[in-house]
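Participant: Sharing a sequence plus its predicted fold:
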Amino acid sequence: MTGVPASAAGGPAKAGSSASGVSPAGASALGLSKSQPVRPGTSAAAPAGDGGSSAAGDGTARTPRGGKLAAAAVNQASVWNIANLLTMLRLVLVPAFVALMLADGGYDPAWRSFAWAAFAIAMITDLFDGHLARTYNLVTDFGKIADPIADKAIMGAALICLSYLGDLPWWVTAVILGRELGITLMRFLVIRYGVIPASRGGKLKTLTQGVAVGMYILALTGWLASLRWWVMAAAVVLTVVTGLDYVRQAIVLRRQGMAERERASEETEA
């Protein structure tokens, strides 16, 4: 279709074409959706006055309200994607993990093995859901909120259970959880100036924390029990170091943002 009415070319209009000369497929190619009605008497490719009906080809214009409802339905349906389902699975695993961890007094090797399996599944899904969301354009508002909550919930539950059972000092739990919650709050405070990206150190910290906590969940003995202490020590060091680095990035980001705002204000006044 060229957008020229059939009557202007000297022939009758074909069935399925609108009087404006733009078929539904042509309207779609021009960037028009069904939720963007074309006013009667206006062509999609020409100014008003050329004559025509809606781009839908049924002689009726769709209302903006109907378009908004349709868009809302699409957004609502998009929440149920594989990335968000994995995040929901992690949230469900949190109470299941706590129940398995504390079953039979919390010291039964069999129950601790089941708890480790639940923790491992949660950590593995954490690696996949974000990758799937970014790769296949499945990012949603629900995912942005629920994903970090699920991450902090499973790690926090594991640390608190270990400290409650006496396997891990409370100060280790306080340092790790304090850092995680503090950095999350700081990200929200400086988000008006920009986003602090996840660093390689932060990803290494997350991996080390997961391995260390997983080793503590299992009822290890001998040299493996000694090894897990060193892995947890490395996790604590990475937790503190990367936390301080995020604070530095936040300060730099805030200064740059304030400087840009002042510069824009001066240009506006000039």
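Facilitator: Noted; the coordinates are in hand.
Participant: tell me the SS of residue 80?
Facilitator: coil (DSSP: H, G, I helix; E, B strand; the rest coil).
Participant: Geometric centre of the chain: which residue is closest?
Facilitator: residue 144 (3.3 Å; Cα atoms, centre = their mean).
Participant: pLDDT below threshold where in the protein?
Facilitator: 1-78 (pLDDT under 70).
Participant: Quick check: the residue nearest to the centre of the chain vs residue 79, distance?
Facilitator: Residue 144 is 12 Å from residue 79, where distance means Cβ to Cβ, to the nearest Å. The C-beta positions use only the backbone N, C-alpha and C, and glycine is treated the same way.
Participant: for residue 221, helix, strand, or coil?
Facilitator: The assignment at residue 221 comes out as coil when based on three-state DSSP.
Participant: residues near it, how many?
Facilitator: Look at residue 221: counted by other Cβ atoms under 10 Å, it has 9 neighbours.
Participant: Same check on residue 205?
Facilitator: For residue 205, using other Cβ under 10 Å, the count is 25.
Participant: same deal with residue 259?
Facilitator: What residue 259 shows, counting by other Cβ under 10 Å, is a neighbour count of 10.
Participant: Quickly find the element holding it.
Facilitator: Here residue 259 sits within helix 223-269, counting by DSSP states H and E.
Participant: Just name whatever secondary elements that helix is in contact with.
Facilitator: Applying 3 or more Cβ pairs under 8 Å, 6 or more residues apart in numbering; DSSP states H and E, we find helix 223-269 packed against helix 170-190, helix 200-217.
Participant: next one: phi and psi at residue 199?
Facilitator: Residue 199 adopts backbone torsions of phi -90, psi 170, taken as degrees, to the nearest 10.
Participant: That one is in contact with residue 243, isn't it?
Facilitator: No: using Cβ atoms under 8 Å, residue 199 makes no contact with residue 243, being 11.1 Å away.
Participant: Between those two, which has more neighbouring residues?
Facilitator: Per other Cβ under 10 Å, whichever of residue 199 and residue 243 has more neighbours is residue 243, with 21 against 13.
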